[in-house]
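>>> the amino acid sequence is not available; the structure is as follows:
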């Protein structure tokens, strides 16, 4: 009898435990909600929401948040958007989400004329020419990001055109320079 | 100052067109000597070589001009006499032979001038190669190279004086060089960014021209033999007609394969927002 009662009690406890566990799972959407990407069309509100989430445990989703903000900003292109993204990235640096270098490179990738793909420490002959096609491919991708940042978000056609011209000139000059540098050893 | 014309066409006329590139270098030599660039891409020796190449090409051009005019006249006569499809006619046959002779003359002029042209182009290409390697390849990183291109030192003025690039393939060099010339003439001087682009453009064109000269020299022997055979039969081949048409285009400057250029939109430069993150 005692043994039977023990078995029943153990079973009951197990069932209760499982039920409680399941209930706990289903009532734990807090994590999900906390990391849901901002919605809507207002960039400033979206930035505020993103900052809150990123400060409260969603920092590993930084890239996704940033991309969402870019998409939202496309809905209302204006020059002031540059400042909003600059402030956001400076905040991300202050909050320890990005290093100063990451913040600077991210900003310039989208809103600068110069190409962060061309950052290098050694001479063109030594460092760039051996990977010329990779560099040009990276620049091409970056030109796409500049199109989004400068043209679609900031409505800054002039600087986008300058970035585009810089791409063409760099391609020409790199081709000539790498030809002049000679074959890769 | 003479300028010549270059275009790309199929077969022989393509080579002929490419060979006239040297003539286009005269204006470059003239304007490049008027400034003292910080980066030494065009020292006196390079300028002298460019000038010499231009002179050689100009000689070739003047040598060809007469025979090309003659070819044009003869082809016009041939067409006006309705000789197409009438090759058996003795009059038409005579015109065809004269046309073939002029064509041979043109090939001979080219054969005479090509070795000198080849030497001049190769010398210029080699000098320019050394300067580009040293000044752009070894002294610059890719980042400082882009800073040079963007013309950071002169801001708005540099942006205004950037040459508009249209890519090398399928465009006439005469247009490009004329554009460079106008740019410099208008600004009264050049920025280093423009110099780097001009030097690169000339160097790549020289490389291309050099290889075309080599191919042309081979082609001339074949074309001469073919035409000598044609002389025996007194016919105008489609190849000859194409060459004559190409030559006309080269001399009279018909627009060929013009690629639209990207130019900044009109209006005042707006530097706008400057981020603390700006590089």
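Received it, and whenever you're ready, just let me know what you need. If you're wondering where the values come from, they're calculated on a predicted model, not measured in any experiment. Numbers count the residues shown, from 1 in each chain, chains lettered A, B, ... in the order given.

>>> and residue A:48, how far from chain B?
The gap separating residue A:48 from chain B is 20 Å, by CB to the nearest CB, to the nearest Å. C-beta coordinates here come from the backbone N, C-alpha and C atoms, glycine included.

>>> what packs against the helix or strand hosting residue A:53?
Using DSSP states H and E, residue A:53 sits in helix A:43-55. Other elements packing on helix A:43-55 under the criterion 3 or more CB pairs under 8 Å, 6 or more residues apart in numbering or on different chains; DSSP states H and E are helix A:62-74, helix A:80-94.

>>> the next helix or strand after the last one - what's its average pLDDT?
Translated: helix A:80-94. Once the chain leaves helix A:80-94, the next helix or strand it forms, by DSSP H and E, is helix A:100-111. For helix A:100-111, mean pLDDT rounds to 97.

>>> now swap in stretch A:176-185 and tell me
Mean predicted confidence for stretch A:176-185 is 88.

>>> buried set for the helix holding residue A:53?
Within helix A:43-55, the residues that count as buried by 16 or more other CB atoms under 10 Å in any protein chain shown are A:43, A:46-47, A:49-51, A:53-54.

>>> and the residue of the stretch 101-250 of chain B nearest chain A?
residue B:200 (3.4 Å; CB to the nearest CB).

>>> number of residues surrounding that residue?
Neighbour count of residue B:200, defined by other CB atoms under 10 Å in any protein chain shown: 26.

>>> that one in helix, strand or coil?
helix (DSSP: H, G, I helix; E, B strand; the rest coil).

>>> give me the nearest residue to residue B:210, chain neighbours excluded.
What sits nearest to residue B:210 in space, not counting adjacent residues and going by CB to CB, 6 or more residues apart in numbering or on different chains, is residue B:121, at 5.2 Å.

>>> the one you found against residue B:211, yeah?
No. In this structure, residue B:121 is not within contact of residue B:211 by CB atoms under 8 Å, at 10.0 Å.

>>> looking at these two, which is more packed in?
Neighbours per residue, other CB under 10 Å: of residue B:121 and residue B:211, the larger number sits with residue B:121, 27 against 12.

>>> how much space between that one and residue A:159?
According to CB to CB, to the nearest Å, residue B:121 stands 39 Å off from residue A:159.

>>> next, the angle helix A:62-74 makes with the helix holding residue A:53.
170 degrees (axes from the mean of the first three to the mean of the last three CA atoms, to 10 degrees).

>>> give me the contact list for helix A:43-55.
Helix A:43-55 is contacted from outside by A:34-40, A:61-62, A:65, A:68-69, A:72-73, A:76, A:81, A:84, A:88, A:91-92, A:95, A:97, using CB atoms under 8 Å, 6 or more residues apart in numbering or on different chains.

>>> any regions of chain A where pLDDT drops low?
A:1-34, A:184-185 (pLDDT under 70).

>>> okay, domains of it per the record?
A:36-111, A:117-185 (automatic domain parsing).

>>> is the last one up against chain B anywhere?
Yes. Contact between domain A:117-185 and chain B is present through A:118-125, A:127-129, A:135, A:156-159, A:161-162, A:164-166, A:168-170, A:172-182 (criterion: CB under 8 Å from any CB of the partner chain).

>>> which of the contacts of helix A:43-55 count as buried?
By 16+ other CB under 10 Å, the contacts of helix A:43-55 give A:35, A:37-38, A:61-62, A:65, A:68-69, A:72-73, A:81, A:84, A:88, A:91-92, A:97 as buried.

>>> now, the most widely separated pair of the residues you listed?
Spanning the widest gap among these are A:35 and A:81, at 24.1 Å by CB to CB.

>>> if we can go back for a sec, so which of the buried ones among the contacts of helix A:43-55 comes closest to chain B?
residue A:81 (9.2 Å).

>>> of the helices and strands packed on helix A:43-55, which is nearest residue B:90?
helix A:62-74 (75.2 Å).

>>> so where's chain B uncertain?
Scanning chain B for pLDDT under 70 picks out B:1-38, B:152-193, B:231-271.

>>> what ranges does it have for its strands?
Per DSSP state E, chain B carries no strands over any range.

>>> in it, which spans are helices?
Along chain B, counting by DSSP state H, helices occupy B:11-19, B:25-32, B:44-80, B:90-132, B:142-150, B:155-161, B:173-187, B:192-233, B:238-252.

>>> which strands or helices does the longest one pack on?
Here helix B:90-132 touches helix A:157-181, helix B:11-19, helix B:44-80, helix B:192-233, helix B:238-252, going by 3+ CB pairs under 8 Å, 6+ apart.

>>> same list (the ones you listed) but as CSV, adding distance to residue A:101.
What follows is the helices and strands packed on helix B:90-132, written out as CSV (distance: least, CB to CB, whole Å):
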stretch, distance to residue A:101
helix A:157-181, 21
helix B:11-19, 47
helix B:44-80, 40
helix B:192-233, 26
helix B:238-252, 54
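
>>> for residue B:147, which of those is the nearest?
helix B:192-233 (9.1 Å).

>>> helices or strands up against the closest one?
By 3+ CB pairs under 8 Å, 6+ apart, helix B:192-233 packs against helix A:157-181, helix B:11-19, helix B:25-32, helix B:90-132, helix B:142-150, helix B:173-187, helix B:238-252.

>>> tally of neighbours for the closest residue to residue A:117 other than its chain neighbours?
Here the nearest residue to residue A:117 in space, its sequence neighbours aside, is residue A:138; by CB to CB, 6+ apart that works out to 3.8 Å. Residue A:138 has 15 neighbours, counted by other CB under 10 Å.

>>> what about residue A:138, which SS state?
helix.

>>> repeat for residue A:57
coil.

>>> I'd like the distance between it and chain B.
Taking CB to the nearest CB, one finds residue A:57 at 26 Å from chain B.

>>> that residue and residue A:35 touch, don't they?
Yes. Between residue A:57 and residue A:35 there is a contact under CB under 8 Å: 7.3 Å.

>>> buried residues in stretch B:197-213?
B:197-210, B:212-213.

>>> how about the nearest residue to residue 139, chain neighbours excluded?
In the absence of a named chain, chain A is used. Nearest one to residue A:139, counting by CB to CB, 6+ apart, is residue A:117 at 4.7 Å.

>>> chain B is the one I meant
Nearest to residue B:139 is residue A:123, by CB to CB, 6+ apart, at 7.3 Å.

>>> so which bits of whatever helix or strand residue A:144 lives in are buried?
Residue A:144 is part of helix A:132-146, with elements assigned from DSSP H and E. Residues of helix A:132-146 classed as buried: A:132, A:135-136, A:139, A:142-143, A:145-146 (neighbour count, 16+ other CB under 10 Å).

>>> compute the inter-axis angle for that helix and helix A:157-181.
Using the same axes, to 10 degrees: helix A:132-146 against helix A:157-181 is 180 degrees.

>>> for helix A:132-146, what is the distance to the chain centroid?
Averaging C-alpha coordinates over helix A:132-146 and over its chain gives two centres that are 17 Å apart (CA atoms, centre = their mean, to the nearest Å).

>>> and if you look at stretch A:36-49?
15 Å.

>>> how far does it stretch from start to finish?
10 Å (CA to CA, to the nearest Å).
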